[in-house]
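>>> After the sequence you'll find the predicted model.
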Amino acid sequence: MLSRVAENIYWTARYLERVENTARLVAVHSEIRLDRPDRAGFFWEPVLTITETLGEFEARGLRRTERDAINFLLTDLQNPSSLLASCVYARENIRTLMEILPRESWEAVNGLHHAAARPGAGAPQQRDVYLREIIERSQAMVGLFLGAMNDDAGYAILRQGRAIERSNFTVQVLRDALVRIGDGTGDMQALRAAEWVGVLKSLTAYQMYRRSLRGPVTRVGVSRFLIFSQVFPRALAYCVNEAGQALGRLPNADLPAAAVARLAGELDAVERTGAEADGIGDLLSAAQAQLSDIHDAVCSAYFTPFTEVPAVAGQTQAQPA
Amino acid sequence: MGICWDDYRVDGLHDEVILGRGQPRPGAEALCAYLASLDDAVLAQRVASAEMVIRLMGITFRVYGEDGGSIDRHWPYDLIPRILPLPEWRRIEAGLKQRALALNLFIDDVYHDQRAFADGIVPRALLATSKNFRSECMGVSPPHGTWAHICGSDLVRDRDGTVYVLEDNLRVPSGVSYMLENRQVTKRCFPELFRRARILPVDDYPSQLYTMLASLSPRPGDQPQIVVLTPGIFNSAYYEHSFLAQRMGVDLVTGADLFVDDNDCVQMRTISGPHRVDVIYRRVDDLFLDPEVFHPDSMLGVPGLMRAWRTGKVALANAPGAGVADDKVVYTYVPALIRYYLDADPILPNVPSFRCVYPDECDHVLANIDKLVVKAANESGGYGLLIGPHATEVQRNAFADAVRRDPRNYMAQPMLTLSTVPTIVGGSVAPRHVDLRPFILSAERTEVTAGGLTRVALVEGSTVVNSSQGGGSKDTWVVDVGGS
């Protein structure tokens, strides 16, 4: 497999995962918004924080209104992390992979891009239908790759990209929630439980959480589930394991595999000793730095093994890892 | 209601589908009856579904703008196919094979003994001024003596029904993927039609291309490593490069994916280290292939590639320098070359041509520039062309000056009235002019696509069929009419 092709597959997987994550995050927050008509402050700030775009949103001088935030998150092509921009990048990558990926994935990404670019989709009365369609189309593409693609090095790279993007997103969601949703007991407890349910839903984790843990949805329960679960596909530990397994199907995997093993070992150690309640935040920032190390190791092992490959103009793949 | 063939006017034209008032040509009966049976709403719905299919299949081509930028456009397709009866097609096919053979013999001759010049068949002066002659290729003997492995020859039919060869594209001819995609779109939109007529399939092309390329490998016996070399995603034909790589199951590479090692072997950079490449179907022009030999600042090529090719470590298709015969002035000598190399009469005629390199013919061209189509030797895609009858006085004068300055670089042909095919225009049908580009594969054996890419000028009366200039395309059916 060509190094350039591997790189484009990796980014395809990341962008497609980002599309689905952004769509679900916005959908869940739009729903929560209905329960808090009178909440003070700028409601969309957490979503901007999680997608790591708050700085750019403010630098652009956009207004702290629902309309500006939704446009910025969904359809603004100047925002390289917007849902539509991610669709555009995924499509541009798949365009270079038409001879590698199943032919239907080119048709599917055209359909996805077409749907994402539909005007007026961010309006409140259309948003839910729009985001559901985006999520369904993204999931269909994941299924297409699973069912119609050789389980070879290319698919291993695809799994790698997806695992890195997915685990990073889970960490972002959880870090934001730990800061934002207060602790303690009292009157606010019911409200806080609802907030934690929202966190689970934005990772499509609510139902699976219930199947794994009985009882109320709590800060500790959600944190442990999203970090340590070995069965939930968006949990950090599961994703790290997935990245390790994908590397097992690739040549020259020593360095990235070592980075994966380091993170897996740390998670394992913390799970066994039990993290202090206030130690979770530190664990998550350390994990995020290590995910970034894994990304770097994958890049140097597979994407630029000989010389600097000139970047293809028009593709901004230097996204935050 | 719907299409009424009685209202379709073919006066003074040769139409490929309709013979005369309301009467279909042989092979087109089922098509015409079927189209006439659709009412307006159904027809409109089929047109819309064809557009949707093209959008979903992502069939695109890139257009370069005047500002230097480019945009991706959906492929323009008209759903009424062009019909060719099988017996006529067999004759055209034989003519194309004959032509490709003679052209390859000529190119091989140019880079070896130059007999055709010594024997006075082609003036030697043409070589001195040829833009596509590559002295770097002198003495090289590619496998099978073949240089132009993939040739796209443009055919036109005049008002009297004669099919002429308009030009031969021997460098990096494009369009074959659109031929294949057009058939897919027609099948998806009009499945019923394929039950009513016996239409020769076209799908075999990628296998034939693969087999031809594999036969060029310098390492026979092994499973050859074949790649398609593309200039990249911004090239107008990128879609086709990717499509062909996909259909052949080979890697699509850019120059940066390849390098030439110390043994003059071409290697590609993979996730498990270098892999040797045997055959490169290159879609990069000669002058960008190797910065060590040609344009030193080319980012599209591979340093050392010419070295690897000259020593036979890698095969290039088409071979560098094949374009020497892809020259609108050399074109005028092809009938003579067929007689010279093959000792046979040309099966397909050239369009009668005047060569400005000869003073008497040049005078004729300058005196009749308002009636002729004047072409520069080495331009393509409808550029470097004067259509005398449609040009302004200023344009004609500018072209006449250019001809006087460099007569060797020009030739002229009478204005043909290209044949037409019914084309959907605003919910009804109207005749639009077409040409045809079949593709000829040459190596150990010679093969021709069943039909080719039909391009159509969508503007009424226009004969400019280039997709970059408002042309569209049609599926092309070679129909087995039985009997013969």
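Alright, I've got the coordinates.
>>> hey, let's count contacts and neighbours off CA atoms from now on
Will do.
>>> for the residue of chain B found nearest chain A, what are its contacts?
Residue of chain B nearest chain A, by CA to the nearest CA: residue B:246 (3.6 Å). Shown in contact with residue B:246 (CA atoms under 8 Å, 6 or more residues apart in numbering or on different chains): A:98, A:99, A:100.
>>> Need those in CSV (columns: neighbour count, distance to residue B:351 and secondary structure).
Shown next, in CSV, are the contacts of residue B:246 (neighbours: other CA atoms under 10 Å in any protein chain shown; distance: CA to CA, whole Å; DSSP: H, G, I helix; E, B strand; the rest coil):
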residue, neighbour count, distance to residue B:351, secondary structure
A:98, 23, 40, coil
A:99, 22, 39, coil
A:100, 22, 43, coil
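>>> Please list which of the residues you listed are also close to chain B.
Contacts with chain B within the contacts of residue B:246, counted by CA under 8 Å from any CA of the partner chain: A:98, A:99, A:100.
>>> from the residues you listed, which is closest to chain B?
Among those, residue A:99 lies closest to chain B (CA to the nearest CA), at 3.6 Å.
>>> Was I right to think the closest one contacts residue B:247?
Yes. With contact defined as CA atoms under 8 Å, residue A:99 counts as touching residue B:247 (7.2 Å).
>>> Check for me that residue A:258 belongs to a helix.
Yes. With DSSP: H, G, I helix; E, B strand; the rest coil as the criterion, residue A:258 is part of a helix.
>>> Could you give the number of residues near it?
14 (other CA atoms under 10 Å in any protein chain shown).
>>> Repeat that for residue B:229.
Burial measure for residue B:229: 25 neighbouring residues, criterion other CA under 10 Å.
>>> Mind pulling up the pLDDT for it?
pLDDT for residue B:229: 97.
>>> now do residue B:483
Note on residue B:483: pLDDT of 57.
>>> ditto for residue B:75
Per-residue pLDDT puts residue B:75 at 81.
>>> ok, now which ones touch it?
Counted by CA under 8 Å, 6+ apart, residue B:75 has contacts B:54, B:59, B:60, B:61, B:472.
>>> For residue B:482, state which of the residues you listed is nearest.
Distance to residue B:482 across these (CA to CA) is lowest for residue B:472, with 30.4 Å.
>>> doesn't residue B:267 make contact with residue B:277?
Yes. With contact defined as CA under 8 Å, residue B:277 counts as touching residue B:267 (5.6 Å).
>>> Those two - which one has more neighbours?
Using other CA under 10 Å, the more surrounded residue of residue B:277 and residue B:267 is residue B:277, with 22 against 17.
>>> who does the more buried one bridge with?
Note on residue B:277: beta-bridge partners by DSSP bridges are residue B:266.
>>> cool, and the one 4 residues further on?
Beta-bridge partners of residue B:281, counted by DSSP bridges, are residue B:228, residue B:317.
>>> Residue B:228 is in contact with that one, correct?
Yes. Using CA under 8 Å, residue B:281 makes contact with residue B:228 at a distance of 4.7 Å.
>>> out of everything not next to it in sequence, what's closest to the residue nearest the centre of chain B?
Centrality entry for chain B: nearest residue to the mean C-alpha point is residue B:152, 3.3 Å, by CA atoms, centre = their mean. Spatial nearest neighbour of residue B:152, excluding adjacent residues (CA to CA, 6 or more residues apart in numbering or on different chains): residue B:439 at 4.5 Å.
>>> what about the helices in chain A?
In chain A, the segments counted as helices under DSSP state H are A:3-35, A:45-50, A:54-59, A:66-74, A:83-95, A:103-116, A:124-148, A:153-180, A:189-201, A:206-212, A:219-228, A:236-247, A:254-273, A:280-298.
>>> Any chance of those helices in JSON lines with mean pLDDT and distance to residue B:258 as columns?
Shown next, in JSON lines, are the helices of chain A (pLDDT from 0 to 100; distance: least, CA to CA, whole Å):
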{"stretch": "helix A:3-35", "mean pLDDT": "94", "distance to residue B:258": "11"}
{"stretch": "helix A:45-50", "mean pLDDT": "94", "distance to residue B:258": "40"}
{"stretch": "helix A:54-59", "mean pLDDT": "95", "distance to residue B:258": "39"}
{"stretch": "helix A:66-74", "mean pLDDT": "95", "distance to residue B:258": "39"}
{"stretch": "helix A:83-95", "mean pLDDT": "94", "distance to residue B:258": "20"}
{"stretch": "helix A:103-116", "mean pLDDT": "91", "distance to residue B:258": "25"}
{"stretch": "helix A:124-148", "mean pLDDT": "95", "distance to residue B:258": "28"}
{"stretch": "helix A:153-180", "mean pLDDT": "96", "distance to residue B:258": "19"}
{"stretch": "helix A:189-201", "mean pLDDT": "86", "distance to residue B:258": "47"}
{"stretch": "helix A:206-212", "mean pLDDT": "91", "distance to residue B:258": "48"}
{"stretch": "helix A:219-228", "mean pLDDT": "94", "distance to residue B:258": "43"}
{"stretch": "helix A:236-247", "mean pLDDT": "97", "distance to residue B:258": "25"}
{"stretch": "helix A:254-273", "mean pLDDT": "94", "distance to residue B:258": "25"}
{"stretch": "helix A:280-298", "mean pLDDT": "95", "distance to residue B:258": "21"}
